[in-house]
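Trainee: Provide a 3D model corresponding to the input given below.
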Amino acid sequence: MGAHSARHLRRVLRLYLVRSGLGEVSDAAELALTELVANVVRHVPGRRCRLCFLLLPGAVRVEVADDCPELPVPAAADALGEGGRGLVIVAAVTDRWGVTPYPDGRGKTVWFECVGKGAPSSHGSPAGRPVRR
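Mentor: Sure, this is the predicted structure:
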């Protein structure tokens, strides 16, 4: 994963969402994806990850998995700082997000869901709240 990978991945995600009838959530999903990819570039040794787009009833789930055991935590960013807001942004623009550690503790999947208008309400945490599974 390189510093410029996010641009290509955003295009792929937008195309997937538009063709799936979920173009209305593409701006939010692209922004959240960009933040998760940036976290991989900054924090994962080797910058390797796996990406999955899952179509749900009226929604999309995006998963970014890596082999780094450190679990991300939303940071209280310095008001003048240049970083530390990625997960805060993900929480603000998505309907749900969370972190699922691998059972062996050797990595995790960070995921988010964006729900389209008129989609059936889902169970789980309130909007923008992290879920650990």
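Trainee: any idea how far Val90 is from Cys114?
Mentor: 10 Å (Cβ to Cβ, to the nearest Å). Yep, even glycine has a C-beta here, placed from its N, CA and C like the rest.
Trainee: Find residues that contact each of the two.
Mentor: Ala32 (Cβ atoms under 8 Å, 6 or more residues apart in numbering).
Trainee: What ranges in the protein fall below the confidence cut-off?
Mentor: 2-3, 77-84, 119-133 (pLDDT under 70).
Trainee: Buried residues, stretch 53-69. List them.
Mentor: Within stretch 53-69, the residues scored as buried using 16 or more other Cβ atoms under 10 Å are Phe53, Gly58, Ala59, Val60, Arg61, Val62, Glu63, Val64, Ala65, Asp66, Cys68.
Trainee: Using CSV, list the CA coordinates for it.
Mentor: Listed next in CSV are the C-alpha coordinates belonging to stretch 53-69 (Å, rounded to 0.1, in the frame of the first residue of the first chain):
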residue,chain,number,x,y,z
PHE,A,53,-16.3,-4.3,0.0
LEU,A,54,-19.5,-6.1,1.2
LEU,A,55,-22.9,-5.2,-0.1
LEU,A,56,-25.6,-5.4,2.6
PRO,A,57,-29.3,-4.7,2.3
GLY,A,58,-29.3,-1.0,1.6
ALA,A,59,-25.8,-0.5,2.8
VAL,A,60,-22.1,-1.2,2.2
ARG,A,61,-19.5,-2.5,4.7
VAL,A,62,-15.9,-1.8,4.0
GLU,A,63,-13.2,-3.8,5.7
VAL,A,64,-9.5,-3.1,5.9
ALA,A,65,-7.6,-6.0,7.5
ASP,A,66,-3.9,-6.1,8.4
ASP,A,67,-1.4,-8.2,10.4
CYS,A,68,-0.5,-5.5,12.9
PRO,A,69,-1.7,-6.5,16.4
